[in-house]
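Engineer: Sequence plus the predicted model coming up.
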Amino acid sequence: MGVEQKLGDMGVVTTTLENVVNWSRTNAMWPMLFGLACCAIEMMAAQASNYDMSRFGMELMRASPRQSDLMIVAGRVSKKMGPVLRRLYDQMPEPKWVIAMGDCASCGGVFNNYAIFQGVDEVVPVDVYVAGCPPRPEALIHGVLTLYEKVKGEKFKDLAEKYG
Amino acid sequence: MTQIEEVSIEQFKHLVSERALTGETMLLNMGPQHPSTHGVLRLLLELDGETVINCIPDIGYLHTGIEKNMEAKTYQKAEVMTDRLDYMNPMGNNLAYVMAVEKLVDLDVPVRAQAIRVILVELQRIASHLVWLGSVGLDLAAMSMFLYCFREREQILDIFELVSGQRMMTTYIRPGGVWRDVPVEFEKAVRDFLKIFPKRIDEYETLLTKNPLFVDRMVGLGILDVKTALSYGVTGPMLRASGVNWDLRKSRPYMGYEQYDFNVPVLTEGDTYARYLVRMQEFRESLKIIEQALNKLPFGPVHSENRKFVPPPRSEIGVSMEALIHHFKLWTEGFPAPDASIYSAVESPRGELGVLLAGDGGPKPRRVHMRTPSFDNLAVLPEIVKGHLVADLVAILASVDIVLGDIDR
Amino acid sequence: MDIKLEPIVKIIQEKFGATLEEFRGEAHLFVKSEQIVEALTLLRDEHHFELLSVLNAVDYFPQQTPRFHVVYQLTSIAKNLSVQIRVPVNGDNPKVPTVTGVYAVANWRERELLDMFGVEFEGHPDPRRILTPEGMEGHPLRRDFPLGYEEPQFTFNFDEIRVQKPSPKE
């Protein structure tokens, strides 16, 4: 039934292992429930009824870093929170990605002062920056889709170099 | 910089009981990354089995230096910071700050601007309570509440976007009035919301108010008596749930609140359930205020005519040299304020949001202190959670309705 | 000033030798630091000022000495009145007696002041920093504390900033 009839009698799809692995990673990405400030409310809105991020296989927000592979840094990172953020990042299993959501997480935003890290990229490596103060839920979803594009292009060769 | 410093128990010795030092009771760390602390709050709990003996909140994980940053900006520019302070209530923060500036420089506000401010601030109150209700639902495992509440909240945010172009950080209320007049679609959008929302409140109440699962987890928890509440400076719905009738909108009316007919819901139980009921009733009272304000929304200007403080309209700049000078001076140098200090407060969804504003004679404030309600409301938490289970602590914390941006500033 | 507030202000003035400043209908009373506990107790017990709305400070550096004013904004719910008490405090080694015994809210508020201005409160039950991280030096809200401005990275100075900007270890 179904797909077998359409494909004929082949029963085999040939592709590269890289493609399969990257495809499976993108379609079940589990973000960590990590709200810091204003952007967290927009992140909640992106999860809720009107925007419904679960369309992209992301309905599960994990409260524990050990069960998640995407960290959405939603909000400003203070000097007191930085070390905590780093520890949470270290606790996430590989492979892992980081989205800096909003201006404060990307570059410090309007808060250029003693208390705030001028961009979360001073603490953890960032894959995608989402601009806006706060970004609309659509912008966050666009950021996530951009990350998917990045993940789809990952090569085993690079990963082998990175993790030895 | 990115290392966590080890903390020994010696630092907390005077805060925990002696049994903790011998290891008889357990010290448990909750947060700063925890789904039900509503942000980045850290609670150090001393537990005897599952009972909370001591609770030591550790705040500052979102300390942003907003007050320091505001000192480096002119009065108009500093307003942008206030939006990010209590991020559930940007309109209310703008109003509190702007009212303080207006009081300091003695600036008048036209009646139309006052009415628009009231409508928007009350809408913001509803939006803030909706986020609260949704997250209470999440904490007590009523996931559908979250989805329903955010559905209605989007409608309010659409109205904000209509008037200001931004969903959350609007900076729409400006010294001397509002940014610009509301568009013609505004009235219809608000009326649509007024039509739909009463039915939606009924829906929420059907889901929660009489629901035995919900009631069992709320009634009789975290009882706050009047004396403790006043001593800790608790304000807002929390104080009103403990039986004190104190609402700044009623007792010290600002922005023409005295002309609207509304009640201040007061309950005497002082437990989590009473706080929930007070907020549910505030939904309906806010709707009443919005409807009245919309019905008698006066026509007229939306800025003060005082050109020393309010920039002239763009149409005037092309034809009047003076208007051009005023515009240039206001946006480059700012307006000077007297070397004096004032205190002004408004009723935010969480309580008394006050601004202590000290000018230094120049265009920048000497000191802006935001008296934020969540700070004091959280300080009372250790008193009211003692003797409850850890699972109940989540319900009590949810009923306090804290916003970490409001606490840490 | 509110007509109901006048007798209360007069009592404080006579009892503590307080000076009065008025601005836009607000009454600011200046008392000495050693009198503050007594003054607040009197206002709370005899004149129904139940709420301590604000406990904070204003730094008048470098125009005035003593540089700090510790501000106590009191609210009376029963009478619907407000009064502000101010305590001028010297810049070096500032010390004020704690009022945690009078209003419990003072506990956190005084910790905040210790953190932000370095004003010490004698007899405070829990004198730790509250907002800033462990090991922070200085008191951020003092006027002579720098804002901590970092130059933003744009296209024209991208490489220059990149060299200085801290980056995470992999």
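Structural biologist: Looks like it arrived, so ask away. Please read these numbers as outputs of a predicted model, since none were measured by experiment.
Engineer: Kindly report the residues of chain C close to chain A.
Structural biologist: Proximity of chain C to chain A, by Cβ under 8 Å from any Cβ of the partner chain, involves residues C:131-133, C:136, C:140, C:145-150, C:152-153, C:165-168, C:170. For the C-beta atoms, the positions are set from N, CA and C on the backbone; glycine is no exception.
Engineer: Now, of those, which are buried?
Structural biologist: Among the residues of chain C next to chain A, those buried by neighbour count (16 or more other Cβ atoms under 10 Å in any protein chain shown) are C:131-133, C:136, C:140, C:145, C:148, C:150, C:153.
Engineer: and which of the residues you listed is nearest to chain A?
Structural biologist: Taking Cβ to the nearest Cβ as the measure, chain A lies nearest C:Gly148 of those, at 3.1 Å.
Engineer: Need the nearest residue in space to the closest one, chain neighbours excluded.
Structural biologist: A:Tyr114 (3.1 Å; Cβ to Cβ, 6 or more residues apart in numbering or on different chains).
Engineer: Wait, the one you found touches C:Pro146, no?
Structural biologist: Yes - counting by Cβ atoms under 8 Å, C:Pro146 is a contact partner of A:Tyr114 at 7.3 Å.
Engineer: Report whether B:Val278 is found in a strand, as I expect.
Structural biologist: No - going by DSSP: H, G, I helix; E, B strand; the rest coil, the assignment for B:Val278 is helix, not a strand.
Engineer: Do you know the pLDDT at it?
Structural biologist: You'll see B:Val278 listed with a pLDDT of 92.
Engineer: cool, B:Thr74 as well?
Structural biologist: The model's pLDDT for B:Thr74 equals 91.
Engineer: For the nearest residue to it once chain neighbours are set aside, the count of nearby residues, please.
Structural biologist: Using Cβ to Cβ, 6+ apart and skipping residues adjacent in sequence, the residue nearest B:Thr74 is B:Gly334, 3.1 Å away. By other Cβ atoms under 10 Å in any protein chain shown, 18 other residues sit near B:Gly334.
Engineer: Next up, the contacts around B:Gly334.
Structural biologist: By Cβ atoms under 8 Å, 6 or more residues apart in numbering or on different chains, the contact set of B:Gly334 is B:74-77, B:363-364.
Engineer: For chain A, give me the ranges with low pLDDT.
Structural biologist: Across chain A, residues meeting the criterion (pLDDT under 70) sit at A:1-11, A:59, A:164.
Engineer: So which residues of chain C form helices?
Structural biologist: Along chain C, counting by DSSP state H, helices occupy C:6-16, C:36-47, C:106-117, C:158-164.
Engineer: Out of those, which is the most enclosed?
Structural biologist: Among those, ranked by average contacts under mean count of other Cβ atoms under 10 Å in any protein chain shown, first place goes to helix C:106-117 (a mean of 23).
Engineer: and stretch C:105-116, is it in reach of chain B?
Structural biologist: Yes - using Cβ under 8 Å from any Cβ, stretch C:105-116 reaches chain B at C:105, C:107-108.
Engineer: Just give me the closest of those to chain A.
Structural biologist: Relative to chain A, the closest of the residues of stretch C:105-116 next to chain B is C:Trp108; by Cβ to the nearest Cβ it sits at 16.3 Å.
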